[in-house]
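Asks: Below is the sequence, then the predicted model.
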Amino acid sequence: MAIRRESYVPEIRCCHRGGKDGEREKIKIGDSFKLVYRFTSQLDPAYNVPMDDFDVRIKYYTKYRDGSYEVVKQGTTLVNCIVLWDKSILKAIFDDYKLEAGELWMDVIIESYDFEYPDRRSKHTYTLDTGITLID
């Protein structure tokens, strides 16, 4: 059975609590919190993609406001996060994040090795709503 190369691109799945009945989760500005992500393949059935196979950069921001907060996993260098290597889980740690009130969004960049590109790097960018509203 052949594996399509496109299907190996890690898919990010958020595992945070979420609001009730489809409502946005509300978190008070200044409160510490974590967002947990599992990186899986896009195959059926999905499998965990090893964390050392790719780098990820997540820029969080409140919609229509200035400022951002970055989470980075580049090789074994981690910024504002921890990684559970054996479970393909990244936990974004929000502590002293200095974002303003509003809807929390994120830009995700995932880079991985791909011999077919001249620079040997494949880059995939996503913009996602976290489902969280930061409140005063």
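Replies: Structure received.
Asks: which stretches of the protein form strands?
Replies: Counting by DSSP state E, the segments of the chain that form strands are 11-14, 25-28, 33-40, 54-62, 69-74, 77-79, 81-84, 89-94, 102-113, 121-135.
Asks: With mean pLDDT as extra columns, can I get those in CSV?
Replies: Putting the strands of the chain into CSV (pLDDT from 0 to 100) gives the following:
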stretch, mean pLDDT
strand 11-14, 63
strand 25-28, 92
strand 33-40, 90
strand 54-62, 95
strand 69-74, 97
strand 77-79, 98
strand 81-84, 96
strand 89-94, 94
strand 102-113, 93
strand 121-135, 90
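Asks: what's the closest of those strands to Asn48?
Replies: For the strands of the chain, distance to Asn48 was read as Cβ to Cβ. The smallest value, 5.8 Å, belongs to strand 33-40. Every C-beta, even on glycine, is put in place using the N, C-alpha and C of the backbone.
Asks: Can you list the helices and strands that that closest one packs against?
Replies: Under the contact definition 3 or more Cβ pairs under 8 Å, 6 or more residues apart in numbering; DSSP states H and E, strand 33-40 sits against strand 11-14, strand 89-94.
Asks: Make a markdown table out of the strands of the chain and add distance to Tyr47 and mean neighbour count.
Replies: Conversion of the strands of the chain to a markdown table gives the following (distance: least, Cβ to Cβ, whole Å; neighbours: other Cβ atoms under 10 Å):
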| stretch | distance to Tyr47 | mean neighbour count |
| --- | --- | --- |
| strand 11-14 | 11 | 15 |
| strand 25-28 | 29 | 13 |
| strand 33-40 | 6 | 18 |
| strand 54-62 | 14 | 20 |
| strand 69-74 | 19 | 18 |
| strand 77-79 | 23 | 11 |
| strand 81-84 | 16 | 15 |
| strand 89-94 | 14 | 19 |
| strand 102-113 | 15 | 17 |
| strand 121-135 | 18 | 15 |
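Asks: could you dump the ones you listed to CSV with distance to Asn48?
Replies: Supplementary listing: the strands of the chain in CSV, determined by distance: least, Cβ to Cβ, whole Å:
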stretch, distance to Asn48
strand 11-14, 11
strand 25-28, 25
strand 33-40, 6
strand 54-62, 12
strand 69-74, 15
strand 77-79, 18
strand 81-84, 10
strand 89-94, 9
strand 102-113, 14
strand 121-135, 17
